[in-house]
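*Asks:* the sequence isn't on hand, but the structure is:
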């Protein structure tokens, strides 16, 4: 074939215009695409050679080579794969034989033109070379064709390309990028190596570059004639689990995360079916500093057919599992799948659901393990990540039951590590609810007056002290048929745990104390919704509770601290009619000046005991001083 000048297909012209006139934020994507294409060419040769081994010619070992010529400002990516015939060069490099190209154009145009992750999605990865090159030359010969039927294709990426027949001894393809002005950063071994390491480290073929050695006379690195692999050429997750040692898994984790501490646990699985993918997921031993930044994308890396796609594919793992590190390699997703497509893809949803279940299974295995050392690992996990895992109770209703079994709390029986199952197993005969209290600190929860009757009767109460607990409880109402009941909401109801004599005594006390209750209610009209006698107090004179359905005082304080408004609902003051202070209050005659002050002090002390803040501390101090002076 004599040299011919042909025109690009109209859609290729549009594409090239976008590539050459858009400022991509990630120019290095071009090397990923070209190395990926080279790998595909070698895979095609391997497949065709199954029926015709002569296609290997005298080069049975498949490889990819990357070189550069600093003086000529060129980068060369070579492979000894299937190669191109002259007609294939015209067809494949001059047209886009793919339906949906117009959709690709629309996605690439406008703001999204700056997203280089879209390049290659529709089989147009070759053209990403024009991000850094103002001319590309392709020299190739298809396996099995005579050496005189090689082809040279060349274009500046405008409207035309040239193609001619050449003599070429080597099978395969050389892609020669003539760099634009200002792209000299890519004419360095370290730069090209770093890009290969980031995007193509696990290509199954060796990616070779020339060795560099320090030349003392020239005071610079000099490129030698010896070639060396710059990728690992074996993705650990593609190997059989039986062939990988624990040390290798941990070494890969360190390489992946730069975390010198060994992971608490990991899981490695290949999933087959409608969606095929491989997952290698790790749970770190320590929480990162930015764990509570929900806007930070997760730590799972996405690969497609061993080609790196993105570092932080948040669509593959729910937000509450953002601490999970690892790799997911899909066989079905397109190369350069965009973040928008990740959100919309049915395959991605299947991967997300499967990976979530796998992580939960890993955690369940640790939590339920008979070995004490493994159980200790779960206790450590809970200290580091437990509060984040609680977010899943409200975000992942499909797995809410599994998550509830993984939760751990402090209680009046233990300072940590109590599960709902542990609590239920210890419930008193006749107990129908799981009792809990929320507070800002463990000490405040333990010493809350609202626990006194429960302590007296030996009834265990869970102590919730994480900021996320109030939100979690708005989504979790029961566990295995046992309702969750706050000891700080509504009138105390111990059901069958309270005998009839206690109920009668409480009713009699409430009736005889009614005049005093009315007087206290009048004194606290602007602060308390109601005042009533309670049976929940043993040693304390009073406590504050809220009605069922009202927001707890603890949650209202959390909202205010976050700068949000909270409903202005008033609490209920419950008093212990048997306490000396309350009896003194009842003994004060009508119109006594001390009555109102003592009622206010009673309310303020109850507010302080539950962790609240006084609106007027100075007034409280004055009342206390007046009462002391008598």
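*Replies:* Structure's in. What do you need? Here the structure is a predicted model, which is why all the values come from computation and not from measurement.
*Asks:* can you name the element that comes right after whatever helix or strand residue 138 lives in?
*Replies:* Per DSSP states H and E: residue 138 is located in strand 133-141. Using DSSP H and E, the next helix or strand after strand 133-141 towards the C-terminus is strand 150-155.
*Asks:* packing partners for that next one?
*Replies:* On a contact count with 3 or more Cβ pairs under 8 Å, 6 or more residues apart in numbering; DSSP states H and E, strand 150-155 meets helix 86-94, strand 133-141, strand 160-166. Placement of C-beta: from N, CA and C, glycine included.
*Asks:* may I have the strands that pair with that strand, each with its orientation?
*Replies:* Next to strand 150-155 in the sheet, as set by DSSP bridges, lie strand 133-141 (antiparallel), strand 160-166 (antiparallel).
*Asks:* of all the ones you listed, which lies closest to residue 317?
*Replies:* Each of the strands paired with strand 150-155 has some distance to residue 317 by Cβ to Cβ; the shortest is strand 133-141, at 36.7 Å.
*Asks:* starting at the chain centroid, how far to that closest one?
*Replies:* 41 Å (Cα atoms, centre = their mean, to the nearest Å).
*Asks:* can you show me the helices along the stretch 501-630 of the chain?
*Replies:* Along the stretch 501-630 of the chain, counting by DSSP state H, counting those that start in this stretch, helices occupy 514-523, 553-561, 580-587, 593-609, 617-629.
*Asks:* weakest of those helices in terms of mean pLDDT?
*Replies:* Among the helices of the stretch 501-630 of the chain, helix 553-561 has the lowest mean pLDDT, at a mean of 72.
*Asks:* only the buried residues of that one, if you could.
*Replies:* 553, 554, 555, 556, 557, 558 (16 or more other Cβ atoms under 10 Å).
*Asks:* show me what residue 483 is bridged to.
*Replies:* Applying DSSP bridges, one finds that residue 483 bridges with residue 433, residue 478.
*Asks:* chain neighbours aside, what residue packs nearest to residue 533?
*Replies:* Spatial nearest neighbour of residue 533, excluding adjacent residues (Cβ to Cβ, 6 or more residues apart in numbering): residue 510 at 4.3 Å.
*Asks:* measure how buried that neighbour is and give me the count.
*Replies:* Look at residue 510: counted by other Cβ atoms under 10 Å, it has 15 neighbours.
*Asks:* so it makes contact with residue 534?
*Replies:* No. The pair residue 510 / residue 534 is not scored as a contact, 9.0 Å apart, by Cβ atoms under 8 Å.
*Asks:* the stretch 201-350 of the chain: strands as residue ranges?
*Replies:* 207-215, 220-229, 265-271, 277-283, 299-304, 307-310, 325-330 (DSSP state E, counting those that start in this stretch).
*Asks:* quick check: mean pLDDT across the first one?
*Replies:* This points to strand 207-215. 87.
*Asks:* and what of the last one?
*Replies:* The predicted model assigns strand 325-330 a mean pLDDT of 92.
*Asks:* re earlier: for residue 76, find the nearest of the helices of the stretch 501-630 of the chain.
*Replies:* Across those, residue 76 has its closest neighbour in helix 553-561 (60.7 Å, Cβ to Cβ).
*Asks:* which segments of this protein make up each domain?
*Replies:* With domains defined by automatic domain parsing, the chain comprises 4-229, 242-373, 403-496, 500-559+567-629.
*Asks:* report the central residue of this structure.
*Replies:* The centroid of the chain falls nearest to residue 322 when counting by Cα atoms, centre = their mean (2.3 Å).
*Asks:* about what we covered before: so can I have CSV of the helices of the stretch 501-630 of the chain showing distance to residue 2?
*Replies:* As requested, the helices of the stretch 501-630 of the chain are exported to CSV (distance: least, Cβ to Cβ, whole Å):
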stretch, distance to residue 2
helix 514-523, 105
helix 553-561, 79
helix 580-587, 109
helix 593-609, 95
helix 617-629, 96
